[in-house]
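# Show me how the following folds:
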Amino acid sequence: MDEAAADGRSARTGGIGGTAGTAGNGPAGRTGRTSAAGSALEKSLRVLEAVAAPGGPHRLADLTAAAAVPKSSTFRILASLIDQGFVRQEADSRYGAGPRLRGLAALVGAGEPATIGRILGELRRATGQTVHLALHSGETLTCIRKLEGGEDQPFRTASRVGMRMPLHTTAIGKSILAHLTADEVRELIGATGLPRRTPHTLTTTGALYDQLAAVRARGFALDDEENEPTIRCIGAPILGPTGRPVGGVSVTTVTFLVSREEIESYAPALCAAAQALAPLL
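Numbering: from 1, shown residues only. Predicted structure coming up:
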C-alpha cells in the first residue's frame with residue numbers, strides 16, 4: 001500500500017544510511033493532505049499505523065494528517081478499532097495502541113528468527129559500527145532493527161525502530177531504488193520529488209540515476225552526508241526470490257571518525273549479511 005508507506009514520520013530521524021528527520025508535531029510528517037483514495041481496509045490500516053507511530057498517544061487531527069484519510073472517516077475507523085481492542089482512547093481524547101495491537105506486536109517480535117539477530121550482531125562485530133535493518137514500504141523505509149556500535153564508539157545515532165526514512169537520500173534507500181524497475185523509480189520520484197536535506201543531497205534525476213547504476217555495478221550504496229551532516233553510511237539491498245528488494249541493511253558511521261575508504265572496506269561483510277538475511281525475510 002503505497003499511500004500507507006508515504007507517511008513520513010515527523011519525529012527526528014537519523015542513522016539508517018544516515019537520516020535526519022523533518023519537522024512536524026503529529027505522528028507523521030505528512031503535510032495534512034487527505035485523500036478519499038483507497039479501500040476501506042487500506043484506510044483502516046493507515047489509521048492503525050498512525051496510531052502505532054512513535055510519540056503517541058496522538059490527537060485525532062494528527063492521525064488524520066498522518067493517515068491521509070478524511071477526519072470523519074478517521075473518527076469512524078478509530079471507533080471500530082476501539083471496539084475491537086486495537087486502539088485505546090485516553091482521557092485527553094488522544095488515541096494510543098490498545099491491548100490487542102500490543103499483543104500482536106509481541107507475537108510478531110517473538111516469531112522473528114533468532115538468526116536475524118545473530119547475522120546483524122556479526123556484522124556489528126566485524127565493523128564496530130552501528131547496524132540497521134529496514135524494510136521497504138512504498139515510498140519510504142521502516143527501521144525494524146538497530147544495533148548500536150561498540151561500547152568504545154563515542155557517538156549514538158538518532159535513529160530508532162519504527163522510524164520512517166526517505167529513499168533517495170539514504171544508503172539503504174538507494175540500494176533499493178537501484179533494484180526497482182525504471183518505471184517504478186520514475187513513479188516514486190514523481191510522487192515524492194527529490195527534496196534537499198543537506199548540501200550533498202542528490203536533487204536531480206540524472207545524478208540519482210548515475211548513482212543507482214553505480215550501486216548495481218558494485219552491489220552497495222553510499223550515503224556520504226546526503227541525508228544528515230556528518231553521517232556516512234553504506235547499505236546493501238535484501239532481495240527476494242524474484243530479485244525484487246524487500247529491504248536492506250546498513251553500516252552507519254560519522255565522517256569525522258571513519259573515512260569513505262574505511263567504510264567502503266566494510267562492503268564485503270555488509271553484502272554477505274544482506275545475502276544471509278534474504279531467505280529470512
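
# count of neighbours near residue 240?
By other Cβ atoms under 10 Å, the residues close to residue 240 number 14. Placement of C-beta: from N, CA and C, glycine included.

# Apart from its neighbours in sequence, what residue is nearest it?
Spatially, and ignoring its direct neighbours in sequence, residue 240 is nearest to residue 246 (4.9 Å; Cβ to Cβ, 6 or more residues apart in numbering).

# distance of that neighbour from residue 237?
8 Å (Cβ to Cβ, to the nearest Å).

# The two - which one has more neighbours?
Between residue 246 and residue 237, counted using other Cβ under 10 Å, the more crowded position is residue 237 (30 against 16).

# Now do the buried residues in stretch 127-145.
127, 129-145 (16 or more other Cβ atoms under 10 Å).

# Mind splitting this protein into its structural domains?
7-109, 113-280 (automatic domain parsing).

# Serialize those to JSON lines and add fields for mean pLDDT.
Output for those, formatted as JSON lines (pLDDT from 0 to 100):
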{"stretch": "domain 7-109", "mean pLDDT": "73"}
{"stretch": "domain 113-280", "mean pLDDT": "91"}
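
# Excluding chain neighbours, what is closest to residue 135?
Distances taken as Cβ to Cβ, 6+ apart put residue 247 closest to residue 135, at 4.0 Å, once the chain neighbours are dropped.

# Sorry, slip of the keys, the one I care about is residue 180.
Residue 180 sits nearest to residue 245 (Cβ to Cβ, 6+ apart), 7.0 Å away.

# what about that neighbour, neighbour count?
Neighbours of residue 245 (other Cβ under 10 Å): 21.

# same deal with residue 176?
Using other Cβ under 10 Å, the number of residues around residue 176 comes to 30.

# Strands along the stretch 151-281 of the chain, start to end?
Counting by DSSP state E, counting those that start in this stretch, the stretch 151-281 of the chain has strands at residues 164-165, 221-224, 231-239, 245-254.

# Among those strands, which comes closest to residue 267?
Ranking the strands of the stretch 151-281 of the chain by proximity to residue 267 (Cβ to Cβ) places strand 231-239 first, at 6.1 Å.

# counting contacts, what elements does the closest one pack onto?
Counting contacts by 3 or more Cβ pairs under 8 Å, 6 or more residues apart in numbering; DSSP states H and E, strand 231-239 is packed against helix 171-177, strand 221-224, strand 245-254, helix 260-264, helix 267-277.

# neighbouring strands for it, and are they parallel or not?
Note on strand 231-239: by DSSP bridges, its sheet partners are strand 221-224 (antiparallel), strand 245-254 (antiparallel).

# How far off centre is the one helix or strand residue 96 maps to?
According to DSSP states H and E, residue 96 maps onto strand 95-97. Distance of strand 95-97 from the chain centroid (Cα atoms, centre = their mean, to the nearest Å) equals 21 Å.

# list the buried ones in it?
Those would be 95, 97, for strand 95-97 by 16+ other Cβ under 10 Å.

# Residue 276 against residue 119, yeah?
Yes. Using Cβ atoms under 8 Å as the test, residue 276 is close enough to residue 119 to be in contact (5.0 Å).

# For the residue of the chain most remote from its centre, give its distance to residue 57.
Computed with Cα atoms, centre = their mean, the residue of the chain farthest from its C-alpha average is residue 91, at 31.2 Å. As judged by Cβ to Cβ, residue 91 and residue 57 stand 10 Å apart.

# and the residue nearest to residue 240, what is it in contact with?
By Cβ atoms under 8 Å, 6 or more residues apart in numbering, residue 246 lies in contact with 135, 136, 238, 239, 240, 278, 281.

# gap between the helix or strand hosting residue 108 and the chain center?
Per DSSP H and E: residue 108 is located in helix 99-110. In terms of Cα atoms, centre = their mean, the centre of helix 99-110 is found 20 Å from the chain centre.

# Give me the next element, helix or strand, following that helix.
Later in the chain than helix 99-110, the nearest helix or strand by DSSP H and E is helix 114-127.

# Distance from the chain centre to that next one, please.
19 Å.

# Tell me which helix or strand residue 47 sits in.
Short version, using DSSP H and E: residue 47 is in helix 40-52.

# by contact count, what packs against that helix?
So helix 40-52, by 3+ Cβ pairs under 8 Å, 6+ apart, packs with helix 2-5, helix 60-67, helix 71-84, strand 95-97, helix 99-110.
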